[in-house]
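Novice: sequence first, then the predicted structure:
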Amino acid sequence: MPFMDLIKKAIFEEEPQVAQSQPARSAPGPAAAAGRPLDPAPAYVPMGTRDNQFYTRLAKQTDLSAVPELAKIEAFAAPLASVIPDKALRYKAALATAQSQGGLTKDAILKGFDALLNVLNSSASTFNKQTDEVSRTEVDAKIAKINDVNDAIQQKQKEISDLQQQVKSMQSQTEVSRSKLQEAKNNFAAALERRRAEIQQQRKEFETILG
């Protein structure tokens, strides 16, 4: 498998599931818009990461609609959008209704954001573990092969020219692989911080809104 494909798979072979503190309960009848996503994430987009595939997958793993509590507050708030334009008032009203009809609480909503942050932490742990394994199999294996070839050069003087050329080629491949691995780690770190900042910002916003 090509080197970069191994890197891309490092975090995405098994996508962590968002922890669900309680099963989603049915929303009130008028909330036919329950399937609508929560308000879009704030436009926190560092330069160079707009097309970051890692961020795209992290965002998918931490989609707010996957958390029952966050989906529920949106289900109650969505039908009020045309009636209560002010977001803070709309979500406060939605929470009041959700508390009486569905038992939803402010703490449950904020814990939903905490669950998303935990998913990011899990993804980071998985990525670091997998990239370390890729490093061992891709980079270290090439370095070991270089040492083997150097030993062969010493033993077979008549083949020294061809063997030295092999060493140069493998050294070049090793540097390319190491460079791509570092690039992937940098991209993941940028995506991780971007998504963490977005979720933390949304958490603060909901904390302020819900009072």
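Specialist: Here it is on my side, so go on. Residues are numbered from 1 along each chain as shown.
Novice: ok, Thr105 touching Gln99?
Specialist: Yes. Thr105 lies in contact with Gln99 (C-beta atoms under 8 Å); the separation is 6.5 Å. C-betas here are computed from N, CA, C, even on glycine.
Novice: geometric centre of the chain: which residue is closest?
Specialist: Nearest to the mean C-alpha position of the chain, by C-alpha atoms, centre = their mean, lies Leu58 at 2.1 Å.
Novice: right, and it touches Leu192 too?
Specialist: Yes. Between Leu58 and Leu192 there is a contact at 6.7 Å, judged by C-beta under 8 Å.
Novice: which stretches of this structure have low pLDDT?
Specialist: Along the chain, the parts satisfying pLDDT under 70 run over 1-51, 158.
Novice: helices of that one, start to end?
Specialist: Here the chain has its helices, by DSSP state H, at 3-12, 53-61, 68-77, 87-102, 106-134, 141-155, 160-210.
Novice: distance of the nearest residue to Asp114 once chain neighbours are set aside from Thr105?
Specialist: Distance criterion C-beta to C-beta, 6 or more residues apart in numbering; nearest residue to Asp114, sequence neighbours excluded, is Arg203 at 7.8 Å. Applying C-beta to C-beta, to the nearest Å, the value for Arg203 to Thr105 is 15 Å.
Novice: same thing with Thr174?
Specialist: For Thr174, the distance to Thr105 - C-beta to C-beta - is 55 Å.
Novice: in terms of neighbours, single out the busier of the two.
Specialist: A count of neighbours by other C-beta atoms under 10 Å puts Thr174 above the other of Thr174 and Thr105, at 18 against 14.
Novice: give me the neighbour count for the nearest residue to that one once chain neighbours are set aside.
Specialist: Nearest residue to Thr174 in three dimensions, chain neighbours excluded: Lys142, at 4.5 Å (C-beta to C-beta, 6+ apart). Using other C-beta under 10 Å, Lys142 has 16 neighbouring residues.
Novice: just checking, Lys142 touches Ser177?
Specialist: Yes. In this structure, Lys142 is within contact of Ser177 by C-beta under 8 Å, at 6.9 Å.
Novice: what do the two both touch?
Specialist: Residues touching both Lys142 and Ser177 (C-beta atoms under 8 Å, 6 or more residues apart in numbering): none.
Novice: which other residues reach stretch 136-153?
Specialist: Contacts for stretch 136-153 (C-beta under 8 Å, 6+ apart): 3, 6, 159-160, 163-164, 166-167, 170-171, 173-174, 177-178, 181.
Novice: now for Ile160: which residues touch it?
Specialist: Ile153 are the contacts of Ile160 under C-beta under 8 Å, 6+ apart.
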